[in-house]
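In: Pasting the sequence and the predicted model now:
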Amino acid sequence: VGDSGARRLVLRLKGGKAAKYYSLLGLEEGEDDPEVIKQAYKKMAMKWHPDRVKEPMKTKAEAKFKEVAEAYEVLSDPQKKAFYDRWGDSGVESARDGGVSPDTQSAGMG
């Protein structure tokens, strides 16, 4: 009973949310190559850097730049990436708040 409820929760949490950080960096979902992730980050960071954008777009650029930096922070760290790939945004937030590791989370999912 607990396993099926947990599986439904995983499906609900994933629901395409894992694609957000990948799309922010212009990557295919599930990209694993650290160099590809780093290059994509650099490209998007340059595009959205507030110092490179004219005034009417500066506020939007600042917000986008922060999102890009957050995406890179998660996707460049193997443990955070594992949480994100499995649980989406919720997994990353749980990990930041002292949640359990991906191995612990999947232990009861067998």
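Out: Done, it's in.
In: Quick check: which ranges of the protein have low pLDDT?
Out: 1-18, 91, 93-110 (pLDDT under 70).
In: Helix or strand for Lys58, just tell me which one.
Out: helix 58-75 (DSSP states H and E).
In: can you check Gly30 too?
Out: Counting by DSSP H and E, Gly30 is found in no helix or strand.
In: I figured it was touching Arg86, is that so?
Out: No - Gly30 lies out of contact with Arg86 (Cβ atoms under 8 Å); the separation is 11.3 Å. Where you see a C-beta, it was placed from the backbone N, CA and C, and this is true even at glycine.
In: Packing partners of the helix holding Lys58?
Out: The helices and strands touching helix 58-75, judged by 3 or more Cβ pairs under 8 Å, 6 or more residues apart in numbering; DSSP states H and E, are helix 19-24, helix 34-48, helix 78-87.
In: which of Gly30 and Arg86 has more neighbours?
Out: Shown here are Gly30 and Arg86; by other Cβ atoms under 10 Å, Arg86 has more neighbours (17 against 10).
In: As CSV, could you dump the C-alpha coordinates of the helix holding Lys58?
Out: Listed in CSV are the C-alpha atoms of helix 58-75, where the atom choice follows Å, rounded to 0.1, in the frame of the first residue of the first chain:
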residue,chain,number,x,y,z
LYS,A,58,17.4,44.8,-16.7
THR,A,59,14.8,43.5,-14.1
LYS,A,60,13.9,40.5,-16.2
ALA,A,61,17.5,39.8,-16.9
GLU,A,62,18.4,39.8,-13.2
ALA,A,63,15.7,37.3,-12.5
LYS,A,64,16.6,35.1,-15.4
PHE,A,65,20.3,35.3,-14.5
LYS,A,66,19.5,34.0,-11.0
GLU,A,67,17.4,31.2,-12.4
VAL,A,68,20.2,30.2,-14.8
ALA,A,69,22.7,30.2,-11.9
GLU,A,70,20.3,28.1,-9.8
ALA,A,71,19.9,25.6,-12.7
TYR,A,72,23.7,25.3,-13.0
GLU,A,73,24.1,24.9,-9.3
VAL,A,74,21.8,21.9,-9.3
LEU,A,75,22.8,20.3,-12.6
